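Asker: here's a sequence, model it:
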Amino acid sequence: MEDIIYKNSNGIEYIQFKKLLDLGITHCYTLKGENIDFGRKSKYLNESFDKVCKALNINQEEILRPKQTHSDNIKCVNSKTMENELNDTDALITDNKNIALVTTNADCILFLFYDPVKKVIANVHSGWKGTFKKIAQKTVIKMINNYGSKAEDILCFITPSIRKCHFEVDEDVKDLCEGIFAFTNRTNEFIEKSDIKDGKQKFLIDTVLINKILLGDIGLKAENIIDSGLCSVCNKDKINSFRVEGKNFKRAIALIMQK
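Answerer: Numbering: from 1, shown residues only. Predicted structure coming up:
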């Protein structure tokens with residue numbers, strides 16, 4: 001918890017990472033609040049963006065938000081990119097200033113990446129499907145290939161998300177996970193048996209740890225992977241969670257921008 005701070009400004013609560021603040025990077029992860037919901041069909045969408053933009057002193061016109069589909073599609077964007085070019089997209093990268101990259105979640109992991117050497121930022125949405133497709137790792141590889149970043153320079157920040165303690169799955173998802181990540185020889189670390197419910201064995205999966213392993217495998221330093229450590233279910237009073245709220249769930253955003 002020493003890596004993050006809580007803010008309440010202009011009617012919206014959010015967290016920020018101390019390291020990113022020290023580096024002068026505009027960013028946030030929004031928390032629950034009255035009339036705060038970033039769902040595309042939410043009646044509070046414009047009000048929510050207005051509040052966060054005022055809190056961070058940015059303009060809504062500077063925001064780029066992809067239409068997330070739990071894909072592994074990654075787009076490199078610039079000042080000319082239009083949102084209608086970002087359909088079926090779950091990660092954005094840019095080296096341009098004054099572009100605010102935004103992703104949304106309600107349990108899924110959102111990753112904020114920053115390369116302070118090449119001045120490149122990225123924002124990644126990775127639920128369990130995105131994790132199984134290795135979208136966070138692929139985003140870093142794209143930063144390296146397209147922008148000349150070096151893995152050892154890249155900083156990674158992990159937002160609140162559902163954690164192993166509450167990410168319970170059936171055997172089919174467990175088997176899929178074991179098959180994809182058998183090469184790590186560490187499946188016993190991120191998969192464990194849970195309870196038997198309705199005659200079915202359940203399992204717990206640590207998708208955050210999987211991503212940390214994948215990022216470490218391509219050269220990110222452990223000390224440069226900074227995790228908020230917050231579970232969306234354990235902290236349901238402050239953090240949006242689909243598993244808790246069901247069909248009436250609201251969405252948070254992670255935002256990152258270089259001014």
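Asker: list the helices and strands the helix or strand harbouring Leu209 packs on?
Answerer: Per DSSP states H and E, Leu209 falls inside helix 207-217. Helix 207-217 sits against strand 109-115, helix 128-132, helix 135-147, strand 155-158, helix 187-190, strand 225-227, with contacts defined as 3 or more C-beta pairs under 8 Å, 6 or more residues apart in numbering; DSSP states H and E. Every residue, glycine included, has its C-beta placed from N, CA and C.
Asker: so which of these is nearest Met257?
Answerer: Nearest to Met257, of all those, is strand 109-115, at 10.3 Å by C-beta to C-beta.
Asker: residue nearest the centroid of the protein?
Answerer: Leu110 (0.3 Å; C-alpha atoms, centre = their mean).
Asker: against Ile191, how distant is it?
Answerer: Note on Leu110: its distance to Ile191, by C-beta to C-beta, to the nearest Å, is 23 Å.
Asker: rewinding a little: run through who's touching the helix holding Leu209.
Answerer: If you take C-beta atoms under 8 Å, 6 or more residues apart in numbering as the criterion, helix 207-217 is touched by 109, 111, 126-128, 131, 134, 136-137, 140, 156, 158, 161-164, 167, 177, 181, 184, 186, 189-190, 222, 225, 227.
Asker: got a ChimeraX select line for the buried ones in the residues you listed?
Answerer: In ChimeraX syntax, the buried subset of those is picked out as below (16 or more other C-beta atoms under 10 Å):
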select :109,111,126,127,128,131,134,136,137,140,156,158,161,162,163,164,167,177,181,190,225,227
